[in-house]
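Q: The following block contains a protein sequence and its predicted model.
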Amino acid sequence: MKAPNPRVVLPVLLSFFTSVTFAAGGTRPVTTEAVESAVAAARGQIQALEESGEDPNVEAVRTSLAALWELGREQPDSVAGERATSEALSLLIRIGRVDEAAAKAAALGPDESAWDPLLEGLLGAAREVGRYEAFEKAASARLALLQARPDQQARLWFVLGRIHLAQDRRDEARQAFERVVAADSRAPVAASAQKILLQLDELAPGRAAPVFAGTTLSGERVDLEKLRGGAVLVAVWASW
């Protein structure tokens, strides 16, 4: 009987034991090469459809992005895993699956680098259509993970406050800006939040104007308190 060629048997055995390890619950290494290949393939699919004027939100693209997402979740703390996760989320937003991308935020850990591109992408998409529900959902998930990071909490609450203010949701805006100050009163955005709170409280329509004095272009001193009881039109100008 002819002896087997060891050069052939060894790779077969290695392949067998590797398969057994994965089947037993081992973790397959996520390589940078595998991730970059998957990213390039997904981007290529999307770009081809966009250039032909077709909707990139098709089954083939969704399947590619699902595979890319799963690749990232196999080893979320590795550089390759973080890259796969970030790209999967960014590309989901690109093809219009904003709600799906926001929903995946629940799977992210507090220190994953995918948070920044996710929130930036969701915010950009929200501004385009004027709907912020998906961003607010992801932001809420992020805030729940930032209990020990008050500076990051403050920055995110500030963004939410500006969004609420832009939508004329003044009560929610006030609450968000108050949370900025409560989270970290020394954060750079805290001073801006306090100024906005002052404007919301003192300069709201229907409230009495704050008392102030100033000098006109002709050098005349004007005190608003002395004009009380009459109709006053204040035009504020600036030049640089």
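A: Sure thing, it's come through.
Q: Low-confidence stretches in this protein?
A: Along the chain, segments meeting pLDDT under 70 span 1-28.
Q: which residue ends up closest to the midpoint of it in space?
A: Geometric centre of the chain, nearest residue: L119, 0.6 Å, by CA atoms, centre = their mean.
Q: Could you list the buried residues of the strand or helix carrying that residue?
A: Using DSSP states H and E, L119 sits within helix 115-129. Within helix 115-129, the residues that count as buried by 16 or more other CB atoms under 10 Å are W115, L118, L119, G121, L122, L123, A125, A126. (Glycine included, C-beta is placed from N, CA and C.)
Q: list the contacts for the last one?
A: Residues in contact with A126 (CB atoms under 8 Å, 6 or more residues apart in numbering) are V98, Y132, A134, F135, I163.
Q: now with 10 Å?
A: A126 sits next to I93, V98, A102, Y132, E133, A134, F135, E136, I163 when contact means CB atoms under 10 Å, 6 or more residues apart in numbering.
Q: now it: how far from A134?
A: Distance, A126 to A134, using CB to CB, to the nearest Å: 7 Å.
Q: Can you pull the residues that touch both of these two?
A: Joint contacts of A126 and A134 (CB under 10 Å, 6+ apart) are I93, V98, A102.
Q: can you give me the strands for this protein?
A: Counting by DSSP state E, the chain has strands at residues 213-215, 221-223.
Q: nearest to D184, of these?
A: Counting by CB to CB, D184 lies closest to strand 213-215 out of those; the figure is 34.5 Å.
Q: contacts for that closest one?
A: E220, R221, V222, D223, L224, E225, K226, V234, V236.
Q: Please convert those residues to JSON lines, extending it with neighbour count.
A: Formatted as JSON lines, the contacts of strand 213-215 follow (neighbours: other CB atoms under 10 Å):
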{"residue": "E220", "neighbour count": "8"}
{"residue": "R221", "neighbour count": "9"}
{"residue": "V222", "neighbour count": "13"}
{"residue": "D223", "neighbour count": "11"}
{"residue": "L224", "neighbour count": "14"}
{"residue": "E225", "neighbour count": "8"}
{"residue": "K226", "neighbour count": "11"}
{"residue": "V234", "neighbour count": "10"}
{"residue": "V236", "neighbour count": "5"}
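Q: which one of those residues sits closest to Q175?
A: The nearest one, if we look at these relative to Q175 and count by CB to CB, is V236, at 28.9 Å.
Q: is it true that the residue nearest to the centre of the chain touches L156?
A: Yes: using CB atoms under 10 Å, L119 is in contact with L156, at 7.8 Å.
Q: Between the two, which contacts overlap?
A: When contacts are counted by CB under 10 Å, 6+ apart, L119 and L156 are jointly contacted by A139, R142.
Q: just the helices in this protein please.
A: Assigned by DSSP state H, the chain shows helices spanning 6-23, 32-51, 59-74, 79-94, 98-103, 115-129, 133-144, 150-166, 170-183, 188-202.
Q: Distance to V211 for the ones you listed - can I get that in a markdown table?
A: Formatted as a markdown table, these follow (distance: least, CB to CB, whole Å):
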| stretch | distance to V211 |
| --- | --- |
| helix 6-23 | 74 |
| helix 32-51 | 58 |
| helix 59-74 | 58 |
| helix 79-94 | 49 |
| helix 98-103 | 46 |
| helix 115-129 | 38 |
| helix 133-144 | 38 |
| helix 150-166 | 25 |
| helix 170-183 | 23 |
| helix 188-202 | 11 |
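Q: Can you tell me which of those helices is most buried?
A: Neighbour counts (mean count of other CB atoms under 10 Å) averaged over each of these peak at helix 79-94, with a mean of 22.
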